[in-house]
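Visitor: build me a model from this:
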Amino acid sequence: MKREVCLEIDGLSFRYPDGREAVREVSLAVAPGEKVALVGPNGAGKSTLILLVTGLLHGQGTIRLFGEELNEKNIRRLRGRVGLVFQDPDDQLFSSTVAEDVAFGPLYAGLSKDEVERRVRWALSQMGLDGFGPRLSHHLSLGEKKRAAIASVLSMQPDILVLDEPSAGLDPRARRRLIGLLGALPQAMLVATHDMRLVAELLPRTVVLDEGRIVADGPTAELLADRTLLEAHGLERP
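Guide: Numbers count the residues shown, from 1 in each chain. Purely as a prediction, here's the structure:
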């Protein structure tokens, strides 16, 4: 019996206009609620793959979300079920207050005022930001900004979270706080990161990407114990 999947990638490739092939014949499936690390050296194709999965780039091959092949007709509807969190929270926080940032997506979707307010409160609570609604986004610490950016995505209630380097630049306390909050979320996750400690603590499955290809895919504990594999692809044990 075939397992249930929320994201399925089959033979996906992408070449930039300068001719560089960033993603090469990638095939990957993610189950509902599954938390998957996407690791590899700089230039491995991680960020490009994330942009392909979220429909911001278009390559050759097939991407299926919840059993539907992603195409121009359904991309807007299906993209609403996938929440993309950028590495730099300032790329997502552009309103005056935290509440306005978190409310932006639901307001744009045409939800009622009461529903928008409910989602804002809920998303902030999920990220440990109760009471932060009136705060000025540009006055937050980096860790608070990252959590506010995630809350702005959670307010759309996605089924999949796609995160690019969520722990980059965080001090140990902020990093531990973020890992704990992400670990409590029920959504499936695809997390591109260089933070191998985050991988070990949060993500039970790891996919290693190098030169645009998947070179390993398996339980995180097993792959992190394979010193030869890690050294061959520019990775360090946590």
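Visitor: following the chain onward from the helix or strand bottoming out on mean pLDDT in the chain, which element is next?
Guide: Counting by mean pLDDT, DSSP states H and E, the chain has its least confident helix or strand at helix 75-79, which shows a mean of 84. Towards the C-terminus, the helix or strand next in line after helix 75-79, according to DSSP states H and E, is strand 82-85.
Visitor: would you mind putting the CA coordinates of the least confident helix or strand of the chain into PDB?
Guide: What follows is helix 75-79 as a C-alpha-only set of coordinates in PDB (Å, rounded to 0.1, in the frame of the first residue of the first chain):
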ATOM      1  CA  ILE A  75      -0.700  27.200  -8.300                       C
ATOM      2  CA  ARG A  76      -2.400  30.000  -6.400                       C
ATOM      3  CA  ARG A  77      -4.800  27.700  -4.600                       C
ATOM      4  CA  LEU A  78      -2.100  25.000  -3.800                       C
ATOM      5  CA  ARG A  79       0.500  27.600  -2.800                       C
END
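Visitor: hmm, who's touching it?
Guide: The set of residues that contact helix 75-79 without belonging to it, under CB atoms under 8 Å, 6 or more residues apart in numbering, is Thr54, Gly55, Leu65, Phe66, Glu68, Leu70. Glycine gets a C-beta too; all of them are placed from N, C-alpha and C.
Visitor: now that helix: buried residues?
Guide: By 16 or more other CB atoms under 10 Å, the buried positions in helix 75-79 come out as Ile75, Leu78, Arg79.
Visitor: what does stretch 64-80 give?
Guide: Of the residues in stretch 64-80, Arg64, Leu65, Leu70, Ile75, Leu78, Arg79 count as buried by neighbour count, 16+ other CB under 10 Å.
Visitor: go on, stretch 140-154?
Guide: In stretch 140-154, the ones that count as buried by 16+ other CB under 10 Å are 140, 143-154.
Visitor: which parts of the protein are strands?
Guide: Secondary structure of the chain (DSSP state E): strands located at 7-15, 21-30, 35-39, 60-65, 68-69, 82-85, 160-164, 188-192, 205-210, 213-219.
Visitor: okay, the angle between the first one and strand 213-219?
Guide: With axes from the mean of the first three to the mean of the last three CA atoms, to 10 degrees applied, the angle from strand 7-15 to strand 213-219 works out at 160 degrees.
Visitor: quick one: strands adjacent to strand 7-15?
Guide: Looking at strand 7-15 with DSSP bridges, its paired strands and their directions are strand 21-30 (antiparallel), strand 60-65 (antiparallel).
Visitor: need the buried residues of helix 75-79 in a markdown table (columns: distance to Leu198).
Guide: Shown next, in a markdown table, are those (distance: CB to CB, whole Å):
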| residue | distance to Leu198 |
| --- | --- |
| Ile75 | 30 |
| Leu78 | 27 |
| Arg79 | 25 |
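Visitor: wait, Gly80 touches Ala109, no?
Guide: Yes. Taking CB atoms under 8 Å as the definition, Gly80 is a contact partner of Ala109 at 7.5 Å.
Visitor: and Pro106, what is it in contact with?
Guide: For Pro106, the contacting residues are Glu115, Val116, Arg119, Val120, Ser155, Met156, by CB under 8 Å, 6+ apart.
Visitor: count of neighbours near the residue lying closest to it once chain neighbours are set aside?
Guide: Counting by CB to CB, 6 or more residues apart in numbering, Pro106 lies nearest to Val116, which is 4.5 Å off, once chain neighbours are set aside. Counted with other CB atoms under 10 Å, the burial measure for Val116 works out to 20 neighbours.
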